[in-house]
Each structure stands twice: as structure tokens, then as C-alpha cells.
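>>> my questions concern the predicted model and sequence given below.
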Amino acid sequence: MSGTSLWMQRMFNSASSSYVILNRILTFGQDDRWRQAAVDIIRPGEKDKILDICTGTADLALKITRRFPALEIYALDYSPDMLAVARRRLESLTQHNLIFKEGDCTHMEYEDDYFDYVTISFGFRNLSFSKENLIKALKEIYRVLKRGGKFIILETSQPANILIRRLFHLYAGGVVPRIGRLVSGKREPYTYLGTSIVRFFDRFELARILESCGFKIKKVLSKSFIFGVILLYVVEK
């Protein structure tokens, strides 16, 4: 793991205890609805396998597990403290087949063509701190997906409307760090969050990057929320 990755791991460890509640506050409670929209896209067969990467406190993985308790579902993250919170949250489920794994999605231990779906919610930005890291991660995701398998991305985006984009950047870069520090007592994670949102790709840049790693853009499914602030993007291997 690189020095940057270690720094990010420490940062997310430090934010783990307040991560769930701050997700609700910073999105005005809408992040739950957006994740549900991602789950609604999944149409698995009886033996399908699903991997949620950068799972964090497992908001999306737990939703998938509740919907499909009989499937093999895996949740991967490189923050042990985030996974500790996720495991405690899992205790509320009486029936599930969710398997947590601590690890880096740029070097996954799963076999080639193993998963029918790979999902990620609000973690894609964290893979893109460098072009090299992002390409490594996307190649690994492509490798572990079966042919015809789907990669489901839920992430912030850049609104096309300039006024909305400016307001969004003002909120992300100015308001988010202040609320994050007030609630969590931590400054660094939410300063990073705001900065990463402002600098992240729009949907067209995202499409070009995914296509360069082999994903089928012609079969893309996309849906936006809040005038393009949030993007649900689905591509196929």
C-alpha cells in the first residue's frame, strides 16, 4: 500500500465512529434513497455473487443483503475501523450471507470472472487520488467481473448547469468541512471530502475512463439526482 493509501486509511479510520450519522446529515437523509436506487438495479440469478468495494460502514452492502439474503455477498474495504462498525451493524440481521474482507481493491484476492455484480457507493472518488491508482482498481474490477457482469457506481458528479454547479461546490467545499468538524470533531476527513467532490469527474470524463478500461459504454444505464449532483452509473463487462 502506498503512502497516500496509508494516509487515506488512517483518515477513514479516524472518521468511522461518526460516518453513518454524518452521511445522513450532509445529504439531508437522501443517501439512503440513492443507495436503494442502486439496489433496485440488481436482478440476480439464484447463484449470483455480488461484491461491494470501498464498502465503508456497509450502507450499500447491508441493503443488498436485506434484499437478497440467500446470495453470496462480499464487502471489501481497507479501513479496519470502518469494517468494525459495519460488522456491528450486521448483527441486526438474522439471515444473511455477507462476508467482510479487509483489503485494497487494486489488489483483490478473488478469482477471475468471479462476480456477477460489483458495486461502489461514494467510494469511487477515493480511488481516483491518482490516475495510476484508479486504473489499477478498474482493471481489477474488470478482472473479477464475469463477462456480461455489471459495475454499479453511485457517486457525486458535476451538474451541467453552471449555477447549480457553483452552489454545489460552495456547499461541498465550504459547508461540508464545517459540519463534519462540528459533528465528528475531525477536520481532515471532511476537508478531504469537500475537496474531492469539487475536483471529481463529470459523467463524460467518467465514461471515457471506464471505456478505456474495457467496460461497455454503449450499454450504459445512468440516472441523476438533485440536478446532476449525484450520479448512478451502470456499465457492463
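Arrived safely. Numbering: from 1, shown residues only.
>>> distance of the residue lying farthest from the centre of the chain from His169?
Relative to the C-alpha centroid of the chain, counting by Cα atoms, centre = their mean, Leu163 is the outermost residue, at 26.4 Å. Distance from Leu163 to His169, counting by Cβ to Cβ, to the nearest Å: 11 Å. Yep, even glycine has a C-beta here, placed from its N, CA and C like the rest.
>>> least trustworthy helix or strand in the protein by mean pLDDT?
Between all helices and strands in the chain, the lowest mean by mean pLDDT, DSSP states H and E belongs to helix 3-15, at a mean of 74.
>>> any chance you could list what contacts that one?
1, 19, 22, 56, 78-82, 104, 126, 129-130, 133, 184, 186, 188-190, 192 (Cβ atoms under 8 Å, 6 or more residues apart in numbering).
>>> same thing but 6 Å
Tyr78, Ser79, Asp81, Met82, Phe129, Lys186, Glu188, Pro189 (Cβ atoms under 6 Å, 6 or more residues apart in numbering).
>>> now, those residues that are in helices?
Within those, residues falling in helices by DSSP state H are Asp81, Met82, Glu188, Pro189.
>>> check contacts around the third one.
Think Glu188. Residues in contact with Glu188 (Cβ under 6 Å, 6+ apart) are Met11.
>>> how about Tyr142, secondary structure?
helix (DSSP: H, G, I helix; E, B strand; the rest coil).
>>> pLDDT at the spatially closest residue to it that is not a sequence neighbour, what is it?
Nearest residue to Tyr142, sequence neighbours excluded (Cβ to Cβ, 6 or more residues apart in numbering): Gly214, at 5.2 Å. We have a pLDDT of 95 for Gly214.
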